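Colleague: Starting from these lines, generate the structure:
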Amino acid sequence: MAQVLDYQATEPLSTFNPNIAFPIPQAPFRVLLASIQISIPGTASRNNHVELLASIGVTGVTNISQVVFRIFRNGKEIYNTQNGVESAASEQNYIFTFQAIDSNLPAGTSFYQVFAENITPNTQASVVGPVSFSGLAIKS
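Modeller: I've put the predicted structure just below:
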């Protein structure tokens, strides 16, 4: 039977708000969107998984951007996904939701971060909210 070990969540932006938009930088630069810490007790070491869930509100500013979202654990990339973002000529506002599973963590605290970067030259996309990031640690 599964057992919940830890749960953490953050919501740096709780609503869609173009007035607080900030640009997603061009690769190789990226912007930190949210971070959480998950603790694994010694009794569940290597017999667990962490379900990570992120939702990010993005708007297209110019042309069609390709935005890469990356999740890092303790500074090491463990997951990425890529999404296209169109600008004002078509659909402009998006909410991207994605899930990653991190398995068999050692005992201790792991630091998770979610970042965004734009990999398409001469385009621009911005974060407009909402932004949420959560992690659920379960003993397998």
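Colleague: so where's the chain uncertain?
Modeller: Along the chain, segments meeting pLDDT under 70 span 89.
Colleague: And the residue nearest to the spatial centre of it, which helix or strand is it part of?
Modeller: Centroid-nearest residue in the chain, with C-alpha atoms, centre = their mean: residue 114, separated by 3.6 Å. For residue 114, the host element (DSSP states H and E) is strand 108-118.
Colleague: Could you point out the bridge partners of the residue nearest to the centre of the chain in the sheet?
Modeller: residue 34, residue 71 (DSSP bridges).
Colleague: ok, now the one 4 residues further on?
Modeller: Judged by DSSP bridges, the bridge partners of residue 118 are residue 26, residue 67.
Colleague: I'd say it and residue 66 touch.
Modeller: Yes: the pair residue 118 / residue 66 is scored as a contact, 7.0 Å apart, by C-beta atoms under 8 Å. (C-beta placed from N, C-alpha, C; glycine too.)
Colleague: With neighbour numbers in mind, choose between these two.
Modeller: Set side by side, residue 118 and residue 66 show more neighbours around residue 118, with 24 against 15, by other C-beta atoms under 10 Å.
Colleague: Tell me who's in contact with the more buried one.
Modeller: By C-beta atoms under 8 Å, 6 or more residues apart in numbering, the contact list for residue 118 reads 24, 25, 26, 27, 65, 66, 67, 68, 124, 125.
Colleague: List only buried entries from those residues.
Modeller: For the contacts of residue 118, a burial check counting by 16 or more other C-beta atoms under 10 Å picks out 24, 26, 65, 67, 68, 124, 125.
Colleague: I'm done for today, thanks for sticking with me.
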